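# A structural model of the following input is requested.
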Amino acid sequence: MKSRKNISNNIKKENNNILPKKSYLEPEEKGDTTAVRISVEYYEKLREQAFRQKTSIRQLLDEILENSLN
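Next up is the predicted model:
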């Protein structure tokens, strides 16, 4: 019967042989995104506005940012 130490060493060796998954998107295909924190109240307002305009929150925020930068 194998000891716990041998089992854990075997698991560590197996984990070291696992390669990270390759990204399926090429670097130029990845969008420039930045995570930001917003309040729950602001998120709910954005969600309601996006629903009324039949768009996504992401598209709505892109429009808001574009307008504020111009």
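# Could you measure from residue 38 over to residue 50?
Per C-beta to C-beta, to the nearest Å, residue 38 is found 13 Å from residue 50. In this view, the C-beta of every residue, glycine as well, is placed from N, C-alpha and C.
# Tell me which of the two has more neighbours.
More crowded of residue 38 and residue 50, by other C-beta atoms under 10 Å: residue 50, with 16 against 10.
# residue contacts, that one?
Each residue near residue 50 by C-beta atoms under 8 Å, 6 or more residues apart in numbering is listed here: 56, 57, 59, 60.
# Go through these and flag which are in helices.
57, 59, 60 (DSSP state H).
# Looking at the helix or strand hosting residue 45 now, give me its mean pLDDT.
Element membership for residue 45 (DSSP states H and E) is helix 40-52. On average, the pLDDT along helix 40-52 is 92.
# pull the CA atoms of it into PDB?
C-alpha atoms of helix 40-52 as PDB (Å, rounded to 0.1, in the frame of the first residue of the first chain):
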ATOM      1  CA  VAL A  40     -24.900  48.100  -7.300                       C
ATOM      2  CA  GLU A  41     -27.200  51.100  -7.800                       C
ATOM      3  CA  TYR A  42     -25.200  52.300 -10.900                       C
ATOM      4  CA  TYR A  43     -25.200  48.700 -12.300                       C
ATOM      5  CA  GLU A  44     -29.000  48.500 -11.900                       C
ATOM      6  CA  LYS A  45     -29.400  51.800 -13.700                       C
ATOM      7  CA  LEU A  46     -27.200  50.700 -16.500                       C
ATOM      8  CA  ARG A  47     -29.100  47.400 -16.700                       C
ATOM      9  CA  GLU A  48     -32.400  49.100 -16.900                       C
ATOM     10  CA  GLN A  49     -31.200  51.600 -19.500                       C
ATOM     11  CA  ALA A  50     -29.600  48.800 -21.600                       C
ATOM     12  CA  PHE A  51     -32.900  46.900 -21.500                       C
ATOM     13  CA  ARG A  52     -34.900  49.900 -22.600                       C
END
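# Next, the buried residues of that helix.
Buried residues in helix 40-52, counted by 16 or more other C-beta atoms under 10 Å: 46, 50.
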